[in-house]
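*Asks:* any chance you could fold what I've pasted below:
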Amino acid sequence: MTGVQCFVLHTYPFRETSLIVEAFTSQYGRVAWVARGARRARSATRGLMLPFQPMAAGWGGKNELRTLHKVEWIGGLPPLRATALLCGLYLNELLLRLLKREDPHERLFERYRQALIDLAGESGMSATLRRFERELLREIGYALVLDRDAESGEPIDPAARYIYRVGVGAVRADGEADGIELRGQTLLDLAQDRFSDPLSLHESKTLTRRVLAHYLGEQPLRTRDLLRSFHNI
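*Replies:* The predicted structure follows:
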């Protein structure tokens, strides 16, 4: 593969002078490379193995762990700092945990790129995370059903209360207790990317985080504890 756009998600040492690189690519989804010699002081690759910056890469091999042959910095995205940096690390951890290797997600790749741009602007970061979480769930086959009642099939009533059941959808909250309670208005706002209402944003966060937790399993996200310090994110 040559000239494939990508972002580094994570790196860790491999043997004496190399790196294992987990990357998210535009055409092949999540991939893993061996970057041979990348830890050497004079390696041209060493300074490129940074998250949140677009690159073009070429690699080869038949095993799941491929060999990185070439990488070029594309640039064009502003750096993430402070809270935005934590949010970016959270997105990377979600991709590492939930995407299978070499499963293409071109639409999610573009959503990820846009999320990095939005986070760098340091405004509306919580809304940016909600959009990405919703898109990620859709891409891995667990799309949130936000526009209709899962039992009756009727359109969501913005004035009603609902219980959202993971894997099922939203049902009227009449006597129901097993699930995530929220307003119909919140479901519709999340479906249509409307986050100007603080309560909709708060309830959307509760919904997406709890649904993601279900699919992540018992092992918690490392970045989640850091983000808990920022209650509005």
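*Asks:* what residue ranges in the protein score low on pLDDT?
*Replies:* 1-2, 176, 228-232 (pLDDT under 70).
*Asks:* need phi/psi at the spatially most central residue of the chain.
*Replies:* Centroid-nearest residue in the chain: L91, 3.9 Å away (criterion: C-alpha atoms, centre = their mean). Dihedral pair for L91: phi -60, psi -40, per degrees, to the nearest 10.
*Asks:* tell me how many other residues crowd G153.
*Replies:* Residues lying near G153 (other C-beta atoms under 10 Å) number 7. Bear in mind the C-beta positions are built from the backbone N, C-alpha and C, glycine included.
*Asks:* what about A35, neighbour count?
*Replies:* Residues near A35, counting by other C-beta under 10 Å, number 26.
*Asks:* I'd guessed it sits against R15; true?
*Replies:* No. Using C-beta atoms under 8 Å, A35 is not in contact with R15; the gap is 11.2 Å.
*Asks:* where is the longest strand in the chain?
*Replies:* When the chain is parsed with DSSP state E, its longest strand is strand 4-14.
*Asks:* can you pull out the helices in the protein?
*Replies:* 82-98, 106-120, 125-139, 184-191, 198-216, 222-227 (DSSP state H).
*Asks:* quick check: angle from the fifth one to helix 82-98?
*Replies:* To tie it back to what came earlier, the one meant is helix 198-216. 40 degrees (axes from the mean of the first three to the mean of the last three C-alpha atoms, to 10 degrees).
*Asks:* residues in contact with helix 198-216?
*Replies:* 94, 97-98, 126-127, 129-130, 133-134, 136-137, 140, 142, 144, 164, 166-167, 180, 182-183, 185-186, 189-190, 194-195 (C-beta atoms under 8 Å, 6 or more residues apart in numbering).
*Asks:* go with 7 Å
*Replies:* 97-98, 126-127, 130, 133-134, 137, 142, 144, 164, 166, 180, 182-183, 185-186, 189-190, 194-195 (C-beta atoms under 7 Å, 6 or more residues apart in numbering).
*Asks:* got the buried residues for that helix?
*Replies:* 200-205, 207-209, 211-212, 216 (16 or more other C-beta atoms under 10 Å).
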